[in-house]
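In: whatever this is, show me its structure:
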Amino acid sequence: MGFDELRNTVRGRVLAAGDTDFEQAARPWSVAVTQPVAAVVEAADVDDVAAVVRYARGAGIPVVTQPTGHGAAGGVENAILLRTGALNRIEIDPAARVARVGAGAQWGAVQAAAAEHGLTGLAGSNPVVGVTGYTLGGGAGWFGRKHGWASNAVRAFEIVDAEGRAARVTADSDPDLFWALSGGGGDFAVVTGLEFELFEAPGLYGGRIMWPGERLREVWDAFRALTSQAPDELSVWFQRFQFPQAPEMVALDVAYLGDPEAGRALVSVLDGIEGAVSDTRAAMSVAALGTITSEPTDPSPAIGRTELLTELTPEAEKIILGESVAPLANIQVRYLGGALSRPTGGAREAMPEQYLIYLLGLGLPQLRDAVRGKIDALVGQFSGQITGQKPFTFLAPGESAAAAFDAATLDRLRAIKRDRDPHNVIRSNYPVIG
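Out: Alright, predicted model coming up:
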């Protein structure tokens, strides 16, 4: 299939199979995922986005939008992969406490710009994750317990609809579409920009403290004690690590949005666990939020799976603590609750589950089968304790949007999809209609 017409229409690069740099341009952030797309378009501006959608609609080709590809799932055969990374403007209105960003803006850059004014967005743990995809999927980050889902902070979406028309969508101008875009994924329009609320950041205390695996029980008990009485300003994540050619390690990551001295006092119980091999806890700027977990910022062959637990039963605790992490690299438990469990105004509804379990391994050829087998085995052990629901942004290849929404919400999302995009031109990584 030739794309000369598209090349003659858009300002950005158009790459098709066989072109130099095509495979690199089509590769998502997780290099364990294959994307056999027909073409890649690197949009230079909103006009390019509109031209791509109009072309795809006329040609009967789906469009999959990925600023960074962090949520890539495969399943994009013969699609046009629309890269919106160049739409990366960031404007901060400190008086209104509002950010206006393009579809290619990443959280690290937004946090740095907001921090200059003593403000913060509702960012996740990785600074190179795109704001748009994260927010369209709900977005549960470090400050979610205090301020809720990132999608709830959105005031307006800048979009190109399925007919290639640009528009601004608010809760007043188009309630149904605004509701669907607020945590329902990217199936309903190509989002080219966001306007969202920022929050005061009076201070931040955060970091990671890590111990040898022999301290597993003590660290787990501290995690349970901290989370049993944590104020909404405090988030605590438990980690078990198995780094290559190294003994197992255990860690706690903490982030307290408020006076750093108050945060230090809240987690002072951790000072009593001896043998720490590293401790990065300190007062920090919200611009440095992405450094807490030190997640990879370069593409990697990750294989992950997420499940939600309403509570940590003795049976669940035994599974989390009882087996070696290997061949996985990480078993993570996040404490949720707070504002994440309260009613919302968008498709990303309240999440009653209090704990998120994330299983992560490397998708290297020599490890891939063992990693997947270990993940399947652990999930099988959790059977009957996990709810089957999970945040949209934590869906993994092979899963579907049905795991992120209850039946009524999914039905409403599908109805809006059929109404706004009857030809199913625009596809998210996890489409509400297959």
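
In: may I ask which helix or strand encompasses E195?
Out: Assigned by DSSP states H and E, E195 falls within strand 190-197.

In: helices or strands up against that strand?
Out: Based on contacts counted as 3 or more Cβ pairs under 8 Å, 6 or more residues apart in numbering; DSSP states H and E, the elements that strand 190-197 packs against are helix 46-59, strand 63-65, strand 98-102, helix 131-136, strand 154-160. Glycine gets a C-beta too; all of them are placed from N, C-alpha and C.

In: spit out the contact partners of A402.
Out: L410 (Cβ atoms under 8 Å, 6 or more residues apart in numbering).

In: what pLDDT does the model give it?
Out: A402 is assigned a predicted lDDT (pLDDT) of 94.

In: any idea how far it is from I375?
Out: Remark: distance between A402 and I375 (Cβ to Cβ, to the nearest Å) = 20 Å.

In: over to A73?
Out: In this view, A73 and I375 are 16 Å apart by Cβ to Cβ.

In: any idea how far the helix or strand just after the strand holding E195 is from the chain center?
Out: Moving toward the C-terminus from strand 190-197, the first helix or strand encountered (DSSP H and E) is strand 199-200. On the basis of Cα atoms, centre = their mean, to the nearest Å, strand 199-200 is displaced by 21 Å from the centre of the chain it belongs to.

In: hmm, who's touching strand 199-200?
Out: Contact partners of strand 199-200, identified using Cβ under 8 Å, 6+ apart, comprise R97, G118, L119, T120, G121, L122, F143, K146, H147, A153.

In: please redo it, this time with the cut-off set to 10 Å
Out: Strand 199-200 has contacts (Cβ atoms under 10 Å, 6 or more residues apart in numbering) with 97, 114, 117-122, 143, 146-147, 153, 257-258, 286.

In: where do the helices of the protein begin and end?
Out: All helices of the chain, identified by DSSP state H, fall at 4-7, 22-26, 46-59, 107-115, 131-136, 144-147, 175-181, 216-228, 260-266, 314-322, 368-382, 407-420.

In: make a markdown table from those helices and add mean pLDDT to it.
Out: Shown next, in a markdown table, are the helices of the chain (pLDDT from 0 to 100):
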| stretch | mean pLDDT |
| --- | --- |
| helix 4-7 | 94 |
| helix 22-26 | 94 |
| helix 46-59 | 97 |
| helix 107-115 | 98 |
| helix 131-136 | 97 |
| helix 144-147 | 98 |
| helix 175-181 | 98 |
| helix 216-228 | 97 |
| helix 260-266 | 98 |
| helix 314-322 | 95 |
| helix 368-382 | 96 |
| helix 407-420 | 97 |
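
In: any idea which of those is most buried?
Out: helix 131-136 (a mean of 30; mean count of other Cβ atoms under 10 Å).

In: for that one, the distance to its chain's centre please.
Out: Per Cα atoms, centre = their mean, the centroid offset for helix 131-136 relative to its chain is 7 Å.

In: what helices or strands is it leaning on?
Out: strand 63-65, strand 98-102, helix 107-115, strand 154-160, helix 175-181, strand 190-197 (3 or more Cβ pairs under 10 Å, 6 or more residues apart in numbering; DSSP states H and E).

In: same thing but at 7 Å, please
Out: Judged by 3 or more Cβ pairs under 7 Å, 6 or more residues apart in numbering; DSSP states H and E, helix 131-136 is in contact with strand 190-197.

In: the strand it packs on vs strand 154-160, what angle?
Out: Here the directions of strand 190-197 and strand 154-160 differ by 160 degrees (axes from the mean of the first three to the mean of the last three Cα atoms, to 10 degrees).

In: just give the number of residues close to A156.
Out: Close neighbours of A156, defined as other Cβ atoms under 10 Å, add up to 18.

In: find the nearest non-adjacent residue to it, please.
Out: Using Cβ to Cβ, 6 or more residues apart in numbering and skipping the chain neighbours, the partner closest in space to A156 is E195 (4.2 Å).

In: then F178?
Out: Once flanking residues are discounted, F178 sits nearest to A171: 4.8 Å by Cβ to Cβ, 6+ apart.

In: about what we covered before: between the contacts of strand 199-200, identify the one with the most neighbours.
Out: Within the contacts of strand 199-200, G121 tops the neighbour count with 31 neighbours, counted by other Cβ under 10 Å.

In: right, and that one touches A201 too?
Out: No: between G121 and A201 there is no contact under Cβ atoms under 7 Å: 9.6 Å.

In: hang on, the earlier thing: right, and the helices and strands packed on strand 190-197 - which one's nearest G213?
Out: Among these, helix 131-136 comes nearest to G213, with 31.8 Å by Cβ to Cβ.

In: other residues contacting that closest one?
Out: For helix 131-136, the external contacting residues (Cβ atoms under 7 Å, 6 or more residues apart in numbering) are 67, 70-71, 101, 103, 105-107, 110, 124, 150-151, 154, 181, 185-186, 191, 194, 393.

In: and if you look at stretch 23-37?
Out: With contact meaning Cβ under 7 Å, 6+ apart, stretch 23-37 is reached by 15, 40, 42, 66, 68-70, 72-74, 76-77, 79-81, 299-303, 363, 397.

In: in ChimeraX, select just the buried ones from the residues you listed.
Out: The following ChimeraX line selects those of the contacts of stretch 23-37 that are buried, judged by 16 or more other Cβ atoms under 10 Å:
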select :15,40,42,66,68,69,70,72,73,76,79,80,81,299,301,302,303,363,397
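
In: on that earlier part again, turn the helices and strands packed on strand 190-197 into CSV, including distance to P244.
Out: Below are those laid out as CSV (distance: least, Cβ to Cβ, whole Å):
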stretch, distance to P244
helix 46-59, 41
strand 63-65, 33
strand 98-102, 37
helix 131-136, 29
strand 154-160, 40
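
In: closest one to P247 among those?
Out: Judged by Cβ to Cβ, the one of the helices and strands packed on strand 190-197 that comes nearest to P247 is helix 131-136, at 33.7 Å.

In: just the CA coordinates for that closest one, please, in PDB.
Out: C-alpha atoms of helix 131-136 as PDB (Å, rounded to 0.1, in the frame of the first residue of the first chain):
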ATOM      1  CA  VAL A 131       0.500  13.100  29.900                       C
ATOM      2  CA  THR A 132      -2.200  12.400  27.400                       C
ATOM      3  CA  GLY A 133      -2.300   8.600  27.300                       C
ATOM      4  CA  TYR A 134      -1.900   8.400  31.000                       C
ATOM      5  CA  THR A 135      -4.800  10.900  31.600                       C
ATOM      6  CA  LEU A 136      -7.100   9.300  29.000                       C
END
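
In: filter the contacts of helix 131-136 down to the buried ones.
Out: 67, 70-71, 101, 103, 105-107, 110, 124, 150-151, 154, 181, 185-186, 191, 194, 393.
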